[in-house]
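Enquirer: okay, sequence plus prediction incoming.
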Number of protein chains: 2
Amino acid sequence: MTSRSRKQIILKEAASLFREKGYLASTLRELARRAGVQGGSIYHHFSSKQEILFLLMDNTMNDMIERLSTTIAELDCPLARLRHAIRLHIEYHIFGPDETYITEDELRNLDTENYRRIIAKRDRYQQIFEEIIADGKARLNWQVSDVKLFARAIIQMCAGVTRWYKTNDTFSIDEIAEQYFNLLLTGLRERPAEEKQTQQL
Amino acid sequence: MTSRSRKQIILKEAASLFREKGYLASTLRELARRAGVQGGSIYHHFSSKQEILFLLMDNTMNDMIERLSTTIAELDCPLARLRHAIRLHIEYHIFGPDETYITEDELRNLDTENYRRIIAKRDRYQQIFEEIIADGKARLNWQVSDVKLFARAIIQMCAGVTRWYKTNDTFSIDEIAEQYFNLLLTGLRERPAEEKQTQQL
DNA sequence: CCTTCAACCTAACAAACGTTAGATTTTCCA
DNA sequence: TGGAAAATCTAACGTTTGTTAGGTTGAAGG
């Protein structure tokens, strides 16, 4: 059990270190130091530095896909689904584990085979957003000319939060998520008064 | 003049190399090879690898701020300004020089002082968007609760194009810019027929 | 023709890196 | 309690890196 927990400690410290300094700028010796272990000992748990990076990303993608899937499955209305999806996505990128940030930022440093695997899962995640939007287009007549493009735009906009959000920011995650949701749903331009639609959440 | 053009060649090759492999993964020896020069010769033009990165980013930020400023100055309507700003931003991130990508992605690898300088310019760039949005809020009654937050959301959404756009994609830059603009302006939700507003561009 | 100076080359240094092999300690069940 | 297997340490390896020092070239100018 010490083995398993030590391995888990190393992974957690790796996530923190990689996020702070980036994968290439992070040293296995410093990772070992933070995990309370000597440099060479890491290789008893992992076969290479690359494997650590891959495991971090793979676990994160699995987690994100699962959480999004189960959340969506509990709702029916595309409006509510999109709202929850956005909130989950932003939440996961701000308060989520460091791994989320890494998964967004270190794709470049995966070797060919690992890259292929992670991209496949990222596409699956994106596909969930596409289904929500396509559903809203069909059932709620959302004005979407290209579902794929909109899904990408939304995902990137929300993930971009990590690039400016500081933990001491004046915004709460709820405020950010809600304002992003409103921006995407109704846009900037003022509209004539209209009946409130599908008040869920 | 050979001096100046060689220096310019090195900078261009550095932008291309850094974009392709990332700053840390790029070697000065390979940069020298691509620029048709021996490894040590780079230090006749630059004082360090770090200086090359900084110059690339600094030039790019200056260029972006200037182009955006002059474009905005020629227009009056916030709607037209936002449309042009979005288009310019996306265009600069897709077809623009490799430097744009680097400026977005290698902030982490700037040392303390250089980081401070680049961030200051990035903030100035962001401020232009904020002014456009604040103006639209005042004159066109845009529904914006927090100008700063919306500016950040828009900028990140557009910059995120670089993360999925491939040069052989089915979308043209005009299509992407126009759809992003429409998404931001009117949102997803269908609205009752309305008079066309401020048809510019 | 000679000096000068920028541009460039060559060769090396010192440091840091991922990784490995072998010894040593700890754990835990028979 | 003994002994095997897992966990960890120690010490080094080969390579690559940014950087530097000193020499070489070639063109410009008096």
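Expert: The structure has been received and is ready for your questions.

Enquirer: which element is A:Lys12 on?
Expert: Using DSSP states H and E, A:Lys12 falls within helix A:2-21.

Enquirer: need the contact partners of stretch A:35-51.
Expert: A:3, A:6-7, A:9-10, A:13, A:28-29, A:31-32, A:52, A:55, A:110-111, A:114 (C-beta atoms under 8 Å, 6 or more residues apart in numbering or on different chains). C-beta: built from backbone N, CA, C; applies to glycine.

Enquirer: mind doing that once more with 6 Å?
Expert: By C-beta atoms under 6 Å, 6 or more residues apart in numbering or on different chains, the surrounding residues in contact with stretch A:35-51 are A:Lys7, A:Ile9, A:Ile10, A:Glu13, A:Leu28, A:Arg29, A:Ala32, A:Ile52, A:Asp111.

Enquirer: ok, which pair from the residues you listed is furthest apart?
Expert: The distance between the two most remote of the contacts of stretch A:35-51 (C-beta to C-beta) is 24.9 Å, for A:Ile9 and A:Asp111.

Enquirer: which one's more surrounded, these two?
Expert: A:Ile9 (15 against 11; other C-beta atoms under 10 Å in any protein chain shown).

Enquirer: and the more buried one, how far is that from B:Arg189?
Expert: According to C-beta to C-beta, to the nearest Å, A:Ile9 and B:Arg189 sit 47 Å apart.

Enquirer: ranges for the strands of chain A?
Expert: Counting by DSSP state E, chain A forms no strands at all.

Enquirer: which strands and helices sit next to the helix holding A:Lys12?
Expert: Helix A:2-21 sits against helix A:28-34, helix A:98-105, with contacts defined as 3 or more C-beta pairs under 6 Å, 6 or more residues apart in numbering or on different chains; DSSP states H and E.

Enquirer: name the helices or strands packed onto the last one?
Expert: I take that to be helix A:98-105. Using 3+ C-beta pairs under 6 Å, 6+ apart, helix A:98-105 sits against helix A:2-21, helix A:49-73.

Enquirer: and those as TSV, adding mean pLDDT?
Expert: Formatted as TSV, these follow (pLDDT from 0 to 100):
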stretch	mean pLDDT
helix A:2-21	87
helix A:49-73	97
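
Enquirer: can you redo those helices as a markdown table with distance to DNA strand D?
Expert: Listed next are the helices and strands packed on helix A:98-105 as a markdown table, based on distance: least, C-beta to the nearest atom of the strand, whole Å:
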| stretch | distance to DNA strand D |
| --- | --- |
| helix A:2-21 | 2 |
| helix A:49-73 | 13 |
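
Enquirer: B:Ile65 is nearest to which of those?
Expert: Nearest of those (C-beta to C-beta): helix A:2-21, 29.1 Å.

Enquirer: contacting residues around the closest one?
Expert: Looking at what lies outside helix A:2-21 - C-beta under 6 Å, 6+ apart - the contacts are A:Ser26, A:Leu31, A:Arg34, A:Ala35, A:His45, A:Ile52, A:Leu56, A:Asp98, A:Glu99, A:Tyr101, A:Ile102.

Enquirer: list the buried residues in it.
Expert: A:Arg6, A:Lys7, A:Ile10, A:Leu11, A:Lys12, A:Glu13, A:Ala14, A:Ala15, A:Ser16, A:Leu17, A:Phe18, A:Arg19 (16 or more other C-beta atoms under 10 Å in any protein chain shown).

Enquirer: cool, stretch A:138-148 as well?
Expert: Counting neighbours by 16+ other C-beta under 10 Å, stretch A:138-148 gives A:Leu140, A:Trp142, A:Gln143, A:Val144, A:Val147, A:Lys148 as buried.

Enquirer: need these in CSV (columns: distance to A:Arg163 and pLDDT).
Expert: Listed next are those as CSV, based on distance: C-beta to C-beta, whole Å; pLDDT from 0 to 100:
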residue, distance to A:Arg163, pLDDT
A:Leu140, 31, 93
A:Trp142, 27, 91
A:Gln143, 28, 89
A:Val144, 26, 91
A:Val147, 25, 95
A:Lys148, 23, 93
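
Enquirer: could you dump these to JSON lines with distance to DNA strand C?
Expert: Below are those laid out as JSON lines (distance: C-beta to the nearest atom of the strand, whole Å):
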{"residue": "A:Leu140", "distance to DNA strand C": "50"}
{"residue": "A:Trp142", "distance to DNA strand C": "47"}
{"residue": "A:Gln143", "distance to DNA strand C": "49"}
{"residue": "A:Val144", "distance to DNA strand C": "44"}
{"residue": "A:Val147", "distance to DNA strand C": "41"}
{"residue": "A:Lys148", "distance to DNA strand C": "37"}
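
Enquirer: what parts of chain A come near DNA strand C?
Expert: A:1-2, A:26-29, A:39-40, A:42-43, A:47-50 (C-beta under 7 Å from any atom of the strand).
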